[in-house]
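>>> Below is the sequence, then the predicted model.
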Amino acid sequence: MNKPIGVRAGGWRFLARHWVFPYRRTGSTLAFVLNRWSGVLLAIYLYVHLGILTMIAVDPMAYDRFLGLARSPLGLAFDVVLILLILYHGLNGLRIIYATLAGHIEQHRAQFWAVVVISLLVTAYSAVLIFSFE
Amino acid sequence: MLDNMVRFKLFRYKPGAIDPPRYDVFEIKVDERTTVLDALEFIRVDHDPGLMYRHSCHHASCGTCAYKINGQERLGCVTNVLELGAGEVVVEPLDGLPRIVDLVVDMTEFYRDFSPDWTYLRDSEWHPQAATPAGVAQYVRFENCLECGACISACPAAAVGDVHLGPAVLAAINREIDKNGHGKPSLLDLAAGERGIWQCHSAYECSAVCPSEVDPAGQIMALRRRFITQKIKRLFGQGGPDEQTNRS
């Protein structure tokens, strides 16, 4: 294998241009970036969730205190964000499966915005239910 | 003829001399026919003979003058400066490939995975019933891909290094299967390998920037469908790596 000459562009700025701030890229890169970050946040949440459940076995009183925090407006807002992340990540996955299997990638921008709108609408409806729940 | 002054902000990098890289600014007069490649040539002749960039044919046939122009991969030879609609034109080398100097990148990695056995000719879209001249069995033409590297520069998977065959190679594999079947060893197995179709993040940027309507993203999705179909057929004891596929 030939070793390339030259120095590969790299570093945080390079990765950020493609993975965090997709300058001058199409909506589908935005879809990819949002999918990646929603996935990362959901993976972090999974471990936090498992850690909190472990509290039941270790310190039931601490778990009760956590439930108080979870029912606070801040905790409920966290639930709303969680619903948005799950909806976007899941629906975008279905969008990619559809584009792959059906081959209609020429419609991918419209499909992405449909995913965004559906995610926001369902999240808004969920937020109303969560904050009005007695 | 309308003349306009346009600022060109050019990426400069010369190992040992301009390192770390910087941007140099040149202000030059352009008219309504000036392309970005023309402008680079004016700058090199009139302002800085040390400016280095790749180019050859000047008519979007060779694919050597692909740069990032105002953040998007384009061919310099067919990008009209005034049609960019910007007072400043930023020209940078392609991403995803090692930089050699200024706007020049090393295309070795890009070309490496193209097999010399793959065919570069295909049936022409000429009317199928058109008569061919004596001695010509059928009209053929070159495949669309210019091998300019714009697709790999726009690909987010390529941003992490040489982990991906890349959109152009995968598109070529799909076209080769279209024309000549799977071959031995199976092209589909190569495409579905660890550097293949599953590295694609489905951002479809390759198709958005391709100057030659290759539609690499569509070809990668087609490869995925071929692979899934093959797996399902194998599951039920049908098909195999050597099955011939439909010509498209």
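Perfect, I can see it now.
>>> Would you agree A:Tyr98 is in contact with A:Gln111?
Yes - using Cβ atoms under 8 Å as the test, A:Tyr98 is close enough to A:Gln111 to be in contact (7.2 Å). From N, CA and C alone the C-beta is placed, and that goes for glycine too.
>>> So is the lengthiest strand in chain B next to chain A?
For chain B, the strand reaching the highest residue count under DSSP state E is reported as strand B:18-30. No - against chain A, strand B:18-30 shows no contacts by Cβ under 8 Å from any Cβ of the partner chain, the least distance being 8.8 Å.
>>> Tally up the residues packed near B:Trp198, please.
A count of nearby residues for B:Trp198, using other Cβ atoms under 10 Å in any protein chain shown, gives 15.
>>> the strands in the chain, which residues?
Just going to use chain A. Counting by DSSP E, the strands of chain A are A:7-8.
>>> To clarify, I was referring to chain B.
Counting by DSSP E, the strands of chain B are B:4-14, B:18-30, B:66-69, B:72-75, B:88-92, B:98-101, B:104-105, B:121-123, B:140-142.
>>> counting contacts, what elements does the shortest one pack onto?
Counting contacts by 3 or more Cβ pairs under 8 Å, 6 or more residues apart in numbering or on different chains; DSSP states H and E, there are no secondary-structure elements packed against strand B:104-105.
>>> and chain B, what are its domains?
B:4-105, B:108-235 (automatic domain parsing).
>>> what about stretch B:108-126, average pLDDT?
Averaged over stretch B:108-126, pLDDT sits at 86.
>>> what residue ranges in chain B score low on pLDDT?
Filtered on pLDDT under 70, chain B yields the residue ranges B:1-2, B:184-185, B:239-248.
>>> As a check, name the ranges of all helices in it.
B:36-46, B:108-112, B:150-154, B:167-180, B:187-191, B:205-209, B:216-235 (DSSP state H).
>>> Ok, chain A next?
A:11-19, A:27-58, A:60-70, A:73-102, A:108-132.
>>> who touches the closest residue to A:Ile105 other than its chain neighbours in this structure?
Nearest residue to A:Ile105, sequence neighbours excluded (Cβ to Cβ, 6 or more residues apart in numbering or on different chains): A:Ala99, at 5.0 Å. With contact set as Cβ atoms under 8 Å, 6 or more residues apart in numbering or on different chains, A:Ala99 has these partners: A:Ile105, A:Gln107, A:His108, A:Gln111, B:Ser202, B:Met221.
>>> which one is the last one nearest to, not counting chain neighbours?
Of all residues beyond its chain neighbours, the one nearest B:Met221 is A:Thr100 (5.1 Å), with distances taken as Cβ to Cβ, 6+ apart.
>>> B:Arg225 is in contact with the one you found, correct?
Yes - counting by Cβ under 8 Å, A:Thr100 does reach B:Arg225; the two are 6.9 Å apart.
>>> Comparing the two, which residue is more hemmed in?
Higher neighbour count among A:Thr100 and B:Arg225: A:Thr100, with 20 against 15, using other Cβ under 10 Å.
>>> so what pLDDT did the more buried one get?
87.
>>> separation between it and B:Arg224?
5 Å (Cβ to Cβ, to the nearest Å).
>>> do the same with A:Ser126
Distance from A:Ser126 to B:Arg224, by Cβ to Cβ: 33 Å.
>>> who has more neighbours, these two?
Taking neighbours as other Cβ under 10 Å, A:Ser126 and B:Arg224 compare with B:Arg224 leading, 24 against 16.
>>> contacting residues around that one?
Contact partners of B:Arg224, counting by Cβ under 8 Å, 6+ apart, are A:Thr100, B:Ile197.
>>> Look up how far A:Val117 lies from B:Ala191.
Taken as Cβ to Cβ, the span from B:Ala191 to A:Val117 is 34 Å.
>>> my bad, B:Leu121
46 Å.
>>> how about the residues of chain B that lie near chain A?
B:15, B:70-72, B:93, B:95-101, B:105-106, B:108-109, B:112, B:154, B:156, B:159-161, B:201-205, B:207-208, B:217-218, B:221-222, B:224-225, B:228.
>>> Alongside chain B, which residues does chain A contribute?
A:1-2, A:4-10, A:14-15, A:17-19, A:22-26, A:28-29, A:31-32, A:36, A:96, A:99-101, A:103, A:105-106, A:108.
>>> Mark which of those residues are buried, thanks.
A:4, A:6, A:8-9, A:17-19, A:22, A:25-26, A:28-29, A:31-32, A:96, A:99-100, A:105, A:108 (16 or more other Cβ atoms under 10 Å in any protein chain shown).
>>> Compute the first-to-last residue distance for stretch A:7-26.
Stretch A:7-26 has its terminal residues 27 Å apart, counting by Cα to Cα, to the nearest Å.
>>> Tell me, how many residues neighbour B:Leu84?
By other Cβ under 10 Å, 17 other residues sit near B:Leu84.
>>> list the contacts for it?
Neighbouring residues of B:Leu84 by Cβ under 8 Å, 6+ apart: B:Ile69, B:Asn70.
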